[in-house]
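Asks: Got a predicted structure plus its sequence, pasted below:
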Amino acid sequence: MASLPNGAAAAAGGPSGAPVVDKEVDFANYFCTYAYLYHQKEMLCDRVRMDAYHSAVFRNAHHFRGKVVLDVGTGSGILAIWSAQAGARKVYAVEATNMAEHARELARANGVQDIVEVIQGTVEDIELPEKVDVIISEWMGYFLLRESMFDSVICARDRWLKPDGVMYPSHARMWLAPIRTGLGDKKMEDLDIAMDDWGQFVGETQAYYGVNMNALTKAYRAEHEKYYLKSSIWNNLHPNQVIGKAAVIKEMDCLTATVDEIREVRAQVMLPISLDGARLAALAGWFDVHFRGSKQNPAAEEVMLNTAPDENGGTHWGQQVFLLTPSLSVSKGDNVKVSFSMVRSKENHRLMDMEFTYELHEFSGKQHPAVTTKMYLE
Ligand SMILES: C[S@@+](CC[C@H](N)C(=O)[O-])C[C@H]1O[C@@H](n2cnc3c(N)ncnc32)[C@H](O)[C@@H]1O
């Protein structure tokens, strides 16, 4: 899962408050990039991702041998082909975009065309002739839930998974951690440059064309503050940028999770600081997913796909950096209390609006006033 173009895809007004998604707009904004091989290749080149799914399937081949598998969003077909190679009797590989044709070709070229049946369509709309033993999918977006593709996996599970079926991955968690970073200073500089440029534009427009554009300066600044300071920043952080203990803000069992449960995520955590004389400049968010099988049908070997900061490199998901303005001077023993909420953007249900309230509790007992800031995951 990778970049997602921004754009309107949802309008308010569906049952239970859920927005009605305009399928054509959603296709134009979301699915279209997945039809390109360059985009699939980005995911296929992510070694952490690939190794995790490969190990999960082949070290747990007993889940696949002789079984029926549904691959939700097969893309190039990689997970479907692995499922077949691990011994599946039948794999339904569902893909919304024309990438389905490439997946079909790849299955044929790898000699599994009699097992892998590629079906082009959205998993919400397609029909299968039978229930399945395993659902495999790589549905995770930035900070786990961006793209809202897990909704489609839940739909597939509720329609097609046998009662004793297994989900790949089976569990997921979202993490939040206090970090130090110079990214905020860089973004501040970029904002200043943009505003200087605007100032020059205002002057020139007045001088040459006799219209004073200054009435729009506030709106221009707000637009740019949102872009530079309030939009989360993709980054592969070094672990030494994490200056305290990370906390889990959401845990999901993929076998039982519901769309209602992920439409809105709320958490309150205390983040203990472990470094003296540090500047808490941002919070970082990431996720991990686990392949544990199910209670009735456990994995022979559990596998984890982790997107936490890693000194040996990272994943294409990286971490999301949420700048804190103002930043805070912190020391070992301090605690930062964070209240977090994340809801889907009203304009596009695949993007997220967030609110952070952070409050420094010094080791000495001194408590600083809470600061609330909105952030956007776009
Ligand atoms: C992150 S990619 C993963 C591709 C491939 N499974 C892999 O692991 O390399 C997700 C894929 O799911 C497809 N997809 C997303 N939502 C879907 C839906 N509701 N029905 C069918 N395909 C979907 C996208 O077009 C995209 O190709």
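Replies: Sure, I can see it. Numbering: from 1, shown residues only.

Asks: Okay, buried residues for the helix of greatest length in the chain please.
Replies: Assignment by DSSP state H gives helix 183-209 as the longest helix of the chain. Buried residues in helix 183-209, defined by neighbour count with 16 or more other Cβ atoms under 10 Å: L183, G184, K187, L191, A194, W198, V202. For every residue, glycine as well, the C-beta is placed using N, CA and C.

Asks: Wait, a strand at Q40?
Replies: No. Per DSSP: H, G, I helix; E, B strand; the rest coil, Q40 lies outside any strand segment and is helix.

Asks: Tell me the pLDDT of the closest residue to it other than its chain neighbours.
Replies: Spatially, and ignoring its direct neighbours in sequence, Q40 is nearest to S76 (4.5 Å; Cβ to Cβ, 6 or more residues apart in numbering). Listed pLDDT for S76 reads 98.

Asks: Tell me which residues touch S76, please.
Replies: By Cβ atoms under 8 Å, 6 or more residues apart in numbering, the contact list for S76 reads L37, Q40, L44, M99, H102, A103, L106.

Asks: on that earlier part again, so what touches the next helix-or-strand element following the longest helix of the chain?
Replies: Note on helix 183-209: by DSSP states H and E, the next helix or strand toward the C-terminus is helix 217-225. Residues outside helix 217-225 that contact it (Cβ under 8 Å, 6+ apart) are L191, A194, M195, W198, V202.

Asks: pLDDT of helix 217-225, averaged?
Replies: Helix 217-225 comes out at a mean pLDDT of 97.

Asks: Ok, stretch 45-63 next?
Replies: Stretch 45-63 comes out at a mean pLDDT of 98.

Asks: tell me which parts of the stretch 51-200 of the chain are close to the ligand?
Replies: Those residues of the stretch 51-200 of the chain that sit near the ligand, judged by Cβ under 6 Å from any ligand atom, are 73-76, 78-79, 94-97, 99, 122-124, 138, 149, 152.

Asks: if we can go back for a sec, ok, so of the buried residues of helix 183-209, who is nearest the ligand?
Replies: L183 (25.9 Å; Cβ to the nearest ligand atom).

Asks: Show me how the record splits the chain into domains.
Replies: Annotated domains of the chain cover 23-138, 174-180+233-377 [the TED database].

Asks: Please name the residues that touch E261.
Replies: Contacts of E261 by Cβ under 8 Å, 6+ apart are M252.

Asks: quick one: terminal-to-terminal distance for stretch 211-225?
Replies: Stretch 211-225 has an end-to-end distance of 25 Å (Cα to Cα, to the nearest Å).
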